[in-house]
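*Asks:* predicted model follows, preceded by the sequence.
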Amino acid sequence: MLHEIPPRSGAAFTLDKGQRLTVIDPQGEQVSDLLAFARHDIDEVISSGRTLDYLSRIFLTVPDPLYSNRSNIMLRIVTDTVGRHDFLLTPCSKDTFRIIYGDTEPHQGCFGNLAEALAPFGIVPDRIPVAFNLFMNVPVDGTTGELKVLPPLSKAGDHIVLEAEMDLIIGLTACSALQSNNGSFKPIHYRID
Ligand SMILES: [Zn+2]
């Protein structure tokens, strides 16, 4: 069954060990923030720091694992038609839009959407870490370290498949930041197999 996350919104759901989550960019150039929490103990959470450290790389693709803060593998990338995702930046938020865009009445962003979707699972906003930002294109200047948020490389129908290596709670968005999505807000589709 295909689920749709409408533009600028989010969802949360469970994913059992061995199940595969397919996240599809149906129109192209749309980012989706992904969070994972261990279902048996929500203090165990996806960790950018540990994953990038153990892989010694910032751009992840097949067959890379995504580690938790306790160094257990939560998910593994098993299919990836894009090959460019970001694991450096936090979910966009009211503060992102206030600080970077100068918005006076900012949207709650991926952060607010994730907090809302994850609340029924007992996950509070302060527990939200750096997300694995699917399709987000953030190249890094190797000398200065400068980050650029460029349009995603994903085209309509591109997708990534992640297999769960433990029972998880997943948070997933259709990102709300203009810059990350080449200036327009589009839906995200996902499927669990
Ligand atoms: Zn976002």
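*Replies:* Thanks, I have it. Source: prediction; values computed, not measured.

*Asks:* my guess is residue 147 meets residue 88, correct?
*Replies:* Yes - with contact defined as C-beta atoms under 8 Å, residue 147 counts as touching residue 88 (6.9 Å). Where you see a C-beta, it was placed from the backbone N, CA and C, and this is true even at glycine.

*Asks:* hang on, residue 119 in a helix?
*Replies:* Yes - counting by DSSP: H, G, I helix; E, B strand; the rest coil, residue 119 is found in a helix.

*Asks:* so residue 55 touches residue 61, yeah?
*Replies:* No - contact between residue 55 and residue 61 fails when scored by C-beta under 8 Å: they sit 10.4 Å apart.

*Asks:* near the ion, which residues of the chain show up?
*Replies:* Selection of the chain residues close to the ion by C-beta under 5 Å from the ion yields 92, 110, 175, 176, 177.

*Asks:* pick the one among those closest to residue 72.
*Replies:* Taking C-beta to C-beta as the measure, residue 72 lies nearest residue 110 of the residues of the chain next to the ion, at 24.5 Å.

*Asks:* the closest one contacts residue 94, doesn't it?
*Replies:* No - applying C-beta under 8 Å, one finds residue 110 not in contact with residue 94, separated by 10.8 Å.

*Asks:* of those two, which one has the most company?
*Replies:* It is residue 110, of residue 110 and residue 94, that has more neighbours when counted by other C-beta atoms under 10 Å, with 31 against 15.

*Asks:* what strand or helix carries the more buried one?
*Replies:* helix 109-118 (DSSP states H and E).

*Asks:* could you do residue 163 as well?
*Replies:* strand 158-164.

*Asks:* what number of residues lie near residue 120?
*Replies:* 9.

*Asks:* returning to what we had before: okay, and the common contacts of residue 55 and residue 61?
*Replies:* Listed contacts common to residue 55 and residue 61 are nil; contacts here mean C-beta atoms under 8 Å, 6 or more residues apart in numbering.

*Asks:* how far away from the center of its chain is the helix or strand of the chain with the lowest mean pLDDT?
*Replies:* Ranked by mean pLDDT, DSSP states H and E, the weakest helix or strand in the chain is helix 94-99, scoring a mean of 90. Its chain's C-alpha centre and that of helix 94-99 lie 18 Å apart, by C-alpha atoms, centre = their mean, to the nearest Å.

*Asks:* residues in contact with it?
*Replies:* The set of residues external to helix 94-99 that reach it, using C-beta under 8 Å, 6+ apart, is 90, 103, 104, 106, 107, 108, 109, 111, 112, 177.

*Asks:* so the most far-flung residue of the chain relative to its centre versus the ion, what's the distance?
*Replies:* Distance from the C-alpha centroid of the chain, by C-alpha atoms, centre = their mean, peaks at residue 143 (26.5 Å). In this view, residue 143 and the ion are 28 Å apart by C-beta to the ion, to the nearest Å.
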